[in-house]
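Novice: Pasted the sequence and its predicted model underneath.
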Amino acid sequence: MLHTLAVLVENNPGVLARVSGLFSRRGFNIDSLAVGRTDDPTISRMTIVVEGDDQVLEQVRKQLNKLVDVIKIDDISSERHVDRELIIIKVNADTQTRSEIMQIVDIFRAHIVDIGQETLIVEASGDSGKVNGLEEALKPFGIKEVARTGKIAMLRGAKATSLNED
Amino acid sequence: MKLSGAEILVKCLKEHGVDTIFGYPGGVVLPIYDALYDADIRHILTRHEQGAVHAADGYARATGKAGVCLATSGPGATNLVTGLTNAYMDSIPMVAFTGQVATALLGRDSFQEADITGITMPITKHNYLVKDVSELARTIKEAFYIANTGRPGPVLVDLPRDVSAGIIEYQAPGPINLPGYNPIIEPFEEQVVLAANAVNESVRPIIYAGGGVVSSGAHEELLALAEKIKAPVTNTLMGLGGFPGEHPQFLGMLGMHGTKAANFAMCETDLVIAVGARFDDRVTGKLDDFAKDAKIIHIDIDPAEIGKNVGTHFPVIGDVKIALQRLLERIEEKSLTEWLAKCMTWKREYPLAFFNEGGLKPQSIISEINRLTLDKKVRITTEVGQHQMWAAHYYNYNYPRTFISSGGLGTMGYGFPAALGVQAACPDELVIDISGDGSFQMNIQELATAVNYELPVKVAILNNGYLGMVRQWQELFYDKRYSYTELKNPDFVKIAEAYGAVGIRVTTRDEVAPALEEAFAINKPVVLDFVTEREENVYPMVPPGCELKNMLG
Ligand SMILES: Cc1ncc(C[n+]2csc(CCOP(=O)(O)OP(=O)(O)O)c2C)c(N)n1
């Protein structure tokens, strides 16, 4: 089962290596890991999607917590949350297929962000279902390149993964 | 006050009460060595950085204070890796300082550059690369705080040359601010209540105590608990000395080379009270069969230990000493139980024995050391192998911090340099490294350090001409095919003499006691070469992957 963890870490050099090293060393499965700074530049936020049963997840949380740079961990999978991923896809497009691709882009509420001689770049954001769906729909045209950010996520409503919340 | 980074380092070490450091110089740590030249901190120059880190580890195990070592960049730093791992596995407080190339040269594969913070991430509790001398004092303060608090462990501080040479107006660091580091010391009351109820309801409890008892100084509380509920006690290797070895309720060590009494009791208990122990595979045997019918209380300062290897019914997270105090307030006294009587019967029926015919028996040598040191202040260190197990079984450790051995990593070459650290910390005590002929040769060069600094450690080599423990496995599980485990050894007596120590060879039983007495009376390092029976085995033994009650021997 996939779990989404929201993790606040000190924005110190090496912190990503510490976290990712912990996962590989202890044999935990990372599905995706996205990281960026928060409104406080000394603190970064990681969204980690990890695969495992409850027992694995408990160890993941506890081992992460042991890292001195890790300040807070929330498992938000079972709570109401928003999650998004950004994807950009370069897809083959000639004059015949172009309009068909544009229709698909519309249906997925994605955007075309670049037009080349024989390619288009499509950008979309959304939950993994939508992003995967778009990728599938564009596959028949020939995908030249894909870049995905991995998932970022946040609790809905008043609850938050922040330092002043407990 | 203007100070260089190196002077700040010395000042901070003094403020943390560091009196002794173990190290080895090199180009980029020259500013530090220059500052040490006039400092009133004792620096012990070992002959290999692995010697320095193990010595710092031994110092820490004997005193409970963080051990400190220092090495140069590159090869100096990488030579610390085994010792850091060793300290990490056994949760030993330590602060290791390494030199690093100047910050401007970092990342360019500069001469003697090694990414030691990258290398040691998985084997330290935390580590630092200090990039600016203004960060140094705060970093050192944090390093000692992290090493000493919570579950102790090694912390590495990497110091680029320009940081130790750089000069600033010194400012004392402010209070520690580590938002991600909050060790739980005082256990939650609810956890204590649930655990206490489980103790009160149990009829066949057993206490399984590990190194956490020693490191938190909880030996008196442990004794009080055992006596209040009349439970048998078994120790892990790391826990030896945390409960008096001569106590009638003590069943000895458990696990792969545990006593029959301890392992049988583990199989029949209804409540395991695990205290500062981590259910290592060398202890549990086959996990599915471990204490099958029992509930488990697990007391530990590290929440990540709970449920890591075995499911726990009653976790109690906190400092072991405080947790035991809270538990003691809530548990009821038990009267002498049938269960304890049964455990004592096992202990009587299956004693650790040996036959004293034939050549010199390793077990008898340890028994003799035990007998001759009953009235002395003694610290025993060991290397790794058969001798380590015999040292664990045939000596009675009645006090904490008297048995000092590499548990988690099982590091050959640990015991002798560790003994030097122990002797440096405890100059008035008798320090004995119980060694194998293989292990001693892993850090034999430290004989020079022992002689140089007049550390009168006694090394008792149980010389069987084999890598004995490996040979034992080859005998039992590989049809006696002794592939590369026979040793052609040097003359250890002559080696000792060449280094300026004393060497004594012992080949017969009658010589054992006089040789030991002579060695203990000499105020110099002594190497005792006990030429023992070559193919003696360590028993009992649970074959790897088997249930604890399936013991050979
Ligand atoms: C650094 C290191 N290398 C290899 C081993 C594997 N090993 C475990 S016990 C042992 C044999 C030890 O021989 P010796 O020191 O002579 O002790 P004995 O078992 O004969 O008492 C070996 C090679 C180890 N524990 N540590």
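Specialist: Received the coordinates, thanks.

Novice: How about the residues of chain A by chain B?
Specialist: By C-beta under 8 Å from any C-beta of the partner chain, the residues of chain A that approach chain B are A:9-10, A:13-14, A:17-18, A:21-22, A:25, A:55, A:58-59, A:62-63, A:65-72, A:163. Glycine gets a C-beta too; all of them are placed from N, C-alpha and C.

Novice: 6 Å instead?
Specialist: Residues of chain A found near chain B (C-beta under 6 Å from any C-beta of the partner chain) are A:18, A:21, A:25, A:62-63, A:66, A:68-71.

Novice: buried sites along the longest helix seen in chain A?
Specialist: In chain A, taking DSSP state H as the definition, the longest helix is helix A:54-66. Neighbour-count burial for helix A:54-66, with 16 or more other C-beta atoms under 10 Å in any protein chain shown as criterion, is recorded at A:56-66.

Novice: How about stretch A:115-123?
Specialist: Per 16+ other C-beta under 10 Å, stretch A:115-123 contains these buried residues: A:119-123.

Novice: Which of the residues of chain A next to chain B fall in helices?
Specialist: Checking the residues of chain A next to chain B against DSSP H, those in helices are A:18, A:21, A:25, A:62-63, A:66.

Novice: For the residues you listed, name the two members farthest from one another.
Specialist: When C-beta to C-beta is used, the two most widely separated members of those are A:Gly21 and A:Lys62, lying 16.3 Å apart.

Novice: Mind telling me what element the closest residue to chain A within the stretch 151-300 of chain B is part of?
Specialist: In the stretch 151-300 of chain B, no residue comes nearer to chain A than B:Gly180, which is 4.2 Å away by C-beta to the nearest C-beta. For B:Gly180, there is no host helix or strand (DSSP states H and E).

Novice: How about the one 4 residues further on?
Specialist: With elements taken from DSSP H and E, nothing contains B:Ile184; it lies in neither a helix nor a strand.

Novice: Could you report the distance from it to B:Tyr33?
Specialist: B:Ile184 sits 40 Å away from B:Tyr33, going by C-beta to C-beta, to the nearest Å.

Novice: Excluding sequence neighbours, find me the nearest residue to the closest residue to chain B within chain A.
Specialist: In chain A, the residue that lies nearest chain B is A:Lys62 (3.7 Å; C-beta to the nearest C-beta). Among residues not flanking A:Lys62 along the chain, B:Ala304 sits closest, at 3.7 Å (C-beta to C-beta, 6 or more residues apart in numbering or on different chains).

Novice: Give the burial count for whatever residue of the stretch 151-300 of chain B ends up closest to the ligand, as a bare number.
Specialist: Of all residues in the stretch 151-300 of chain B, B:His257 sits closest to the ligand, at 11.6 Å by C-beta to the nearest ligand atom. Here the count is done by other C-beta atoms under 10 Å in any protein chain shown, and B:His257 has 23 residues near it.

Novice: same deal with the one 5 residues further on?
Specialist: Residues near B:Ala262, counting by other C-beta under 10 Å, number 27.

Novice: Spell out the secondary structure type for it.
Specialist: Classification of B:Ala262 using DSSP: H, G, I helix; E, B strand; the rest coil returns helix.

Novice: Model confidence score at it, please.
Specialist: pLDDT for B:Ala262: 97.

Novice: thought it was touching B:Met256?
Specialist: No: here B:Ala262 does not reach B:Met256: they are 11.4 Å apart, not a contact under C-beta atoms under 6 Å.

Novice: any idea how far the residue lying closest to B:Met442 once chain neighbours are set aside lies from B:Ser364?
Specialist: Of all residues not flanking B:Met442 in the chain, B:Gly413 sits nearest, at 2.9 Å (C-beta to C-beta, 6+ apart). B:Gly413 sits 26 Å away from B:Ser364, going by C-beta to C-beta.

Novice: Settle it for me: which of these two has more neighbours?
Specialist: B:Gly413 (26 against 19).

Novice: what sits against that one?
Specialist: B:439, B:442-443 (C-beta atoms under 6 Å, 6 or more residues apart in numbering or on different chains).

Novice: Who are the packing partners of the longest helix along chain B?
Specialist: Using DSSP H to define each element, chain B has its longest helix at helix B:49-63. Where contact means 3 or more C-beta pairs under 6 Å, 6 or more residues apart in numbering or on different chains; DSSP states H and E, helix B:49-63 is packed against strand B:20-23, strand B:67-71, helix B:81-89, helix B:415-425.

Novice: can you pull out the helices in the stretch 101-250 of chain B?
Specialist: Secondary structure of the stretch 101-250 of chain B (DSSP state H, counting those that start in this stretch): helices located at B:116-120, B:136-148, B:161-165, B:189-201, B:211-215, B:219-229.

Novice: And for the stretch 451-553 of chain B?
Specialist: B:468-477, B:492-499, B:509-521.

Novice: Could you name the stretch from those that's closest to chain A?
Specialist: Per C-beta to the nearest C-beta, nearest to chain A of the helices of the stretch 451-553 of chain B: helix B:468-477, 26.4 Å.

Novice: ok, the closest one near the ligand or not?
Specialist: Yes: Helix B:468-477 reaches the ligand (C-beta under 6 Å from any ligand atom) through B:468-470.

Novice: who wins for neighbours among those residues?
Specialist: B:Gly468 (29 neighbours).

Novice: which residues touch that residue?
Specialist: By C-beta under 6 Å, 6+ apart, the contact set of B:Gly468 is B:385-386, B:436.

Novice: Save those as CSV, and put in distance to chain A and neighbour count too.
Specialist: As requested, these are exported to CSV (distance: C-beta to the nearest C-beta, whole Å; neighbours: other C-beta atoms under 10 Å in any protein chain shown):
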residue, distance to chain A, neighbour count
B:Gly385, 28, 25
B:Gln386, 31, 24
B:Gly436, 31, 28
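
Novice: Give me the nearest residue to the residue of the stretch 151-300 of chain B closest to the ligand, chain neighbours excluded.
Specialist: In space, and not counting its chain neighbours, B:His257 is closest to B:Met389: 4.7 Å by C-beta to C-beta, 6+ apart.

Novice: Count the neighbours of that neighbour for me.
Specialist: Counted with other C-beta under 10 Å, residues neighbouring B:Met389 total 27.

Novice: if I've got this straight, it is in a helix?
Specialist: Yes: counting by three-state DSSP, B:Met389 is found in a helix.

Novice: Fine by me, thanks again.
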